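Asker: test case, fold it:
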Amino acid sequence: MPVPEELLAQLRRFPDVEAPNLFAVDGADRLILDEAGQALLAARPGTVTVIGDRYGALTLGAVAGFGTNDVRVHQDPLTGERALTANAERAGLVDSFRHCALDADLLTGATVVLLQLPRSLTALAEIAEAIARYGDPDVVVYAGGRVKHLSVAMNEVLARSFTHVHATLARQKSRVLVARGALPAPVAPTFPLRERIEELDLEVVAHGAAFAGTKLDIGTRFLLDFLPRTELSARDAVDLGCGTGILAVALARVRPELAVIATDQSAAAVDSAAATAAANGVGDRVTALRDDVMSSLGDNSVDLIVCNPPFHVGAAVHTGAAQAMFRAAGRVLRPGGELWTVYNSHLAYRSSLRVLVGRTEEVGRNPKFTVTRSVKGQ
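Answerer: Numbers count the residues shown, from 1 in each chain. Predicted coordinates for the structure are as follows:
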């Protein structure tokens, strides 16, 4: 019972970045569905879970190709959730699945798990532990990805939670790891991780999929030096693309009068940022918000934004995400408000910042990074 190719062909990435070199479906999606086909046909309603489905190929492919019902889905990026919903509406399959957090609601009783392998081993470890903890004892995991992004370490991570892990034959530059025989999960969950950064006197809390984990990203480290120079009269601020919330917490410390929003499209990042703020005693002034580039914040509504934007979209080097952040900052800042940005110097974002936000000056540079201050026009 093959997956209808016409369904896969109509899937879009929107509202995520769309470009000729960025795709909504790849060979790994197709191979996962093929390898899991017999298990999907035999699965009872409500026992199939999908994790990491980027834009809906796995979820909608299982429903349309194998008659799967009541699929539970976890997607870390909010854009993935919204793309799946939009693609399901076009295909008339909106009632075939539901979104869940990475917890018992997602996995209790699951016998088949379809997984797009994350590139982060820490993210994979948290997922594997959750499946082993909550899934059916006979659960089988079909975890796939592009061969160039796979490593033997992924097998080793899965082997910490499952007795049997093997790789399928490669096809279309993709491969699937099949895991079964769930091992007893640790009595206390391993995640989120916690680590103290002594130089900042700050405790970082991180779920597996949060960018940089419990470590201090070097771009963020450089931007931290400039936070005391931000506008003294600012009343509210946003840490845009907050990750684990280090910048948000640092802002709340430097400016005790500020109300700070730590926002990211990643569920893992938002949960991590909230926990980091609480662990450092500023949970009452830092609000964690899962959002797509501040889409829920009003025009001209904040005084200060700090941002360490990504320069990848998934595995592809692409500046579309950063450009979307700058455009959103230009909308959300009040006249005279500031955007402080750190970025790899070779990206030369100053002209974009000038157009999308306002007057932009370089305020710092080291061998790798540039920090700029952009002021929205009156």
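Asker: next SSE after the helix or strand hosting residue 157?
Answerer: Assigned by DSSP states H and E, residue 157 belongs to helix 152-159. Per DSSP H and E, helix 152-159 leads on to strand 162-167 as the next helix or strand towards the C-terminus.
Asker: counting contacts, what elements does that next one pack onto?
Answerer: helix 152-159, strand 174-182 (3 or more CB pairs under 8 Å, 6 or more residues apart in numbering; DSSP states H and E). The C-beta positions use only the backbone N, C-alpha and C, and glycine is treated the same way.
Asker: for the last one, the averaged confidence score.
Answerer: So that's strand 174-182. Across strand 174-182, pLDDT averages out at 98.
Asker: next, the buried residues of it.
Answerer: Across strand 174-182, burial judged by 16 or more other CB atoms under 10 Å covers 174, 175, 176, 177, 178, 179, 182.
Asker: next one: the first one
Answerer: Judged by neighbour count (16+ other CB under 10 Å), helix 152-159 contains these buried residues: 154, 157, 158.
Asker: how much space between the first one and residue 145?
Answerer: Meaning residue 154. Per CB to CB, to the nearest Å, residue 154 is found 8 Å from residue 145.
Asker: same check, this time on the second one
Answerer: In this structure, residue 157 and residue 145 are separated by 13 Å, where distance is defined by CB to CB.
Asker: for the helix holding residue 157, name the packing helices and strands.
Answerer: Counting by 3+ CB pairs under 8 Å, 6+ apart, helix 152-159 packs on helix 121-134, strand 140-146, strand 162-167, strand 174-182.
Asker: out of these, deepest packed?
Answerer: Among the helices and strands packed on helix 152-159, strand 140-146 has the highest mean neighbour count (mean count of other CB atoms under 10 Å), at a mean of 25.
Asker: alpha carbons of that strand, as CSV, please.
Answerer: C-alpha atoms of strand 140-146 as CSV (Å, rounded to 0.1, in the frame of the first residue of the first chain):
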residue,chain,number,x,y,z
VAL,A,140,9.5,-0.4,17.5
VAL,A,141,11.2,2.8,16.4
TYR,A,142,11.9,3.6,12.8
ALA,A,143,14.4,6.4,12.9
GLY,A,144,15.6,7.8,9.5
GLY,A,145,17.8,10.5,8.1
ARG,A,146,20.1,11.4,5.2
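Asker: contacting residues around it?
Answerer: 26-29, 31-32, 35-36, 39, 111-117, 124, 128, 131, 154, 158, 162, 173-180, 315 (CB atoms under 8 Å, 6 or more residues apart in numbering).
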